[in-house]
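Participant: coords please:
(one chain, ligands or ions: 1)
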Amino acid sequence: MTYIQLNNVIKRYSHQLAVDQVSFTIEKGEVFGLLGPNGAGKSTTIKMLVGLLKPDSGEILVDGIDVKKRPIDVKKKLGLVPQELAIYNNLSAEENIAFFGGLHGLRGKHLKERIEEALTFTGLEDRKKDKPVKFSGGMKRRLNIACAIVHKPDIIIMDEPTVGIDPQSRNHILDSILELNRMGATIIYTSHYMEEVEAICKRVGIMDNGKLIALGDKNHLKKEITSGEKILVETAEVNASAVDALKKLHGILGVSVKDNQIEVYSKSSQERLQDILFILANHQIMIKNIALTDVNLENVFLHLTGKSLRD
Ligand SMILES: Nc1ncnc2c1ncn2[C@@H]1O[C@H](COP(=O)(O)OP(=O)(O)OP(=O)(O)O)[C@@H](O)[C@H]1O
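Facilitator: Reported below is the predicted structural model:
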């Protein structure tokens, strides 16, 4: 059942076209990932979906309700975990959650129960009397989530909820998203961390420069480009001229560099391997390891745009 629908949505900030004719649907009960580099238009899309921004044109429906016409009815169904922390430093953790629960009309015993549930769910029950100023970045992010889920929304939208936090909190957040989904929530997760989206989402949309450049089941997207393969080269040191030479090689679909690893994405790795080794040797690059590896969502992006997600 289609639960969320965007039809030809466009949004400009003065001359900047932030969202360019974006259309997609999300089914009830899905974990949908919206992936793209910084500035791709993910946050703007989310802000329009939750009614914080109005599209210049196009239509957004949530459970058949037009967000523009009945924003309050749509907001009741939504829980937004915004990219910037939306918590009050002068209130304790439980007071913060109570504040947001109150905004959604929860009162008395019912509100108390929901606060306890939200605290337990985010692992903050022992710290409920503390103010967020004493919290780590990860704990603040978890409190941000507790505030967004206290009213048990049908749809939970998380806009880069793991930016700048420790791996333990990150794993806790990713696990809790899957648990919320098992409990029945439809999840929209935006990130520029490909690994996170790959780990928790079944269907993904990939945005770049305001456009939705790919949409579908993540495994189908990967299969669509199986005509490509990836060679991972671990080196002692990378130099820019070698990377440029690799990019110019016939049959190479893209090259990206992370630390001392070069990822070469090519139509046929086996055929290109000799040429790649030749170029690396010519540039005096010492190879520590070389391997053919599986295609991932990062490669889908590289294939579609010719650039890395984290460029
Ligand atoms: N309030 C604003 N005023 C003007 N331009 C904006 C505003 N907010 C976003 N933009 C621009 O619109 C484009 C899309 O930004 P948006 O924040 O939606 O991208 P994003 O994919 O969410 O990126 P990030 O991962 O960095 O949050 C970018 O070019 C950005 O600079």
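
Participant: List the backbone torsions phi and psi for the residue in the stretch 51-200 of the chain that the ligand sits nearest to.
Facilitator: Residue nearest to the ligand within the stretch 51-200 of the chain: residue 192 (5.3 Å; CB to the nearest ligand atom). Where you see a C-beta, it was placed from the backbone N, CA and C, and this is true even at glycine. Dihedral angles phi and psi of residue 192 (degrees, to the nearest 10) take the values phi -110, psi 10.

Participant: Roughly how far does it sit from residue 229?
Facilitator: 24 Å (CB to CB, to the nearest Å).

Participant: circling back: grab the nearest non-local neighbour of the residue of the stretch 51-200 of the chain closest to the ligand.
Facilitator: residue 37 (5.5 Å; CB to CB, 6 or more residues apart in numbering).

Participant: How is the one you found assigned, secondary-structure-wise?
Facilitator: Under DSSP: H, G, I helix; E, B strand; the rest coil, residue 37 falls in the coil class.

Participant: any idea how far the ligand is from it?
Facilitator: For residue 37, the distance to the ligand equals 7 Å [CB to the nearest ligand atom, to the nearest Å].

Participant: And the helices in the stretch 1-150 of the chain?
Facilitator: Here the stretch 1-150 of the chain has its helices, by DSSP state H, counting those that start in this stretch, at 42-49, 71-77, 93-103, 108-121, 137-149.

Participant: and residue 29, which of those helices is closest to it?
Facilitator: Residue 29 sits nearest to helix 71-77 of all the helices of the stretch 1-150 of the chain, at 13.6 Å, using CB to CB.

Participant: Distance from the chain centre to that closest one, please.
Facilitator: 23 Å (CA atoms, centre = their mean, to the nearest Å).

Participant: tell me the mean pLDDT for that helix?
Facilitator: Mean pLDDT, helix 71-77: 90.

Participant: pull the CA atoms of it into PDB?
Facilitator: The C-alpha trace of helix 71-77 is given here as PDB (Å, rounded to 0.1, in the frame of the first residue of the first chain):
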ATOM      1  CA  PRO A  71      -0.600  20.000   7.400                       C
ATOM      2  CA  ILE A  72      -1.800  19.400  11.000                       C
ATOM      3  CA  ASP A  73      -3.400  16.000  10.100                       C
ATOM      4  CA  VAL A  74      -0.100  14.900   8.400                       C
ATOM      5  CA  LYS A  75       2.000  16.100  11.400                       C
ATOM      6  CA  LYS A  76       0.100  13.800  13.800                       C
ATOM      7  CA  LYS A  77       1.400  10.800  11.800                       C
END
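
Participant: List the buried residues in the longest helix anywhere in the chain.
Facilitator: When the chain is parsed with DSSP state H, its longest helix is helix 167-182. Buried residues in helix 167-182, counted by 16 or more other CB atoms under 10 Å: 169, 170, 172, 173, 174, 176, 177, 180, 181.
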